[in-house]
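J.: 3D, please:
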Amino acid sequence: MFTDRGEAGARLGEFLARLIPARGDEVVVLAIPRGGVIVADPVARALQAPMDVIMPRKLGAPDNPELAIGAVALADGEEITVLDEESLAWLRVDAAYVAAEAERQRREIQRREELYRQGRPALPVAGRTAVLVDDGVATGLTARAALAAVSRRRPREVVLAVPVAPPETVREFERLGLRLIALETPSPFGAVGRFYDDFRPIEDDEVLAVLGAARRPPAAS
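T.: Below you'll find the model as predicted:
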C-alpha cells in the first residue's frame, strides 16, 4: 500500500492540503515519534506549517510489555492516562502496577522531550489547528492519550492524521467524538507494518535530523 514512511507522508500531506484550509502559523503539525516524524515532515511542508513532537507512551501489561493496557501523555507536565478497562479486568492488573508503569513511561517521555527538543520549548497550540501525525494506528490507545493531552492546550481544532488505520478504530474514534483521518482503512488489519514495503525501525539520529531541518528557516531566494 505504501513504499515507505516518506511516500506515505507525501500522500497524506497532499490529501490534508485539500481537506484542511488553514495554513502556516494557523496550523501546528505534531509528530508522534519515532516513525511518525518521518511521515509528518512532508505533511508539515504541504500545510506550510511548523512541526513539533507529541510523545504518548504505551503502558505495557505485566510480563508482556508489547500488550497495551493503556497509554500516557503529558500536557504541560500534567499526566493524561487512557486505560483499556477490558484488558485490565481480563489480566487482573492492579492499580499499583498501573501507577508504577505510568511513572516509568512518564520518565521516558521526559527523556525523549529533552532529547528531541534540544532545550527548545514546545510550540504553542492554543488557537491553532493541531494535526497529530503517526505512521498508522491499530487500537489507537496511544493516539487517544496524545489527543487528550493536546486538547488540554486549547487548540482551535485537533485532528489525528495517519496513512492507515483499521475501520473499527475509525468507528471507535467517531463514537468518542475524536477526528481521525486515515488514507486507507483495510480489513482485516493485523499490524501497521503490513502495509509498508519498508517499515524499518527509525533511530533517534534520524528523528533529530528531520526535526533540525524542519526548524531551519528557508533559504533566501
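
J.: Next, please give the residue ranges for the strands of this structure.
T.: All strands of the chain, identified by DSSP state E, fall at 27-31, 51-53, 57-61, 64-75, 78-83, 129-133, 157-164, 180-184.

J.: Sketch out the low-pLDDT regions of this protein for me.
T.: Across the chain, the ranges flagged by pLDDT under 70 are 217-221.

J.: Tell me the spatial nearest neighbour of the residue positioned nearest the centre of the chain, not counting adjacent residues.
T.: When C-alpha atoms, centre = their mean is applied to the chain, the residue found nearest the centroid is I32 (3.3 Å). Once flanking residues are discounted, I32 sits nearest to D134: 4.2 Å by C-beta to C-beta, 6 or more residues apart in numbering. Any C-beta I mention is one placed from the backbone N, CA and C, and that applies to glycine too.

J.: Tell me how far that neighbour lies from V43.
T.: 11 Å (C-beta to C-beta, to the nearest Å).

J.: Repeat that for A146.
T.: For A146, the distance to V43 - C-beta to C-beta - is 15 Å.

J.: swap in V133?
T.: From V133 across to V43, the span is 5 Å (C-beta to C-beta).

J.: tell me, what's touching those two both at once?
T.: 9, 12, 29, 161 (C-beta atoms under 8 Å, 6 or more residues apart in numbering).

J.: Considering the residues you listed, which possesses the most neighbours?
T.: Using other C-beta atoms under 10 Å as the neighbour criterion, V29 leads the shared contacts of V133 and V43 with 30 neighbours.

J.: my guess is that one contacts T129, does it?
T.: No: contact between V29 and T129 fails when scored by C-beta atoms under 8 Å: they sit 9.5 Å apart.

J.: Can you name the residues that contact A22?
T.: 47, 128-129.

J.: could you dump those to a markdown table with neighbour count and distance to P56?
T.: Converted to a markdown table, the contacts of A22 look like this (neighbours: other C-beta atoms under 10 Å; distance: C-beta to C-beta, whole Å):
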| residue | neighbour count | distance to P56 |
| --- | --- | --- |
| L47 | 22 | 22 |
| R128 | 22 | 19 |
| T129 | 20 | 19 |
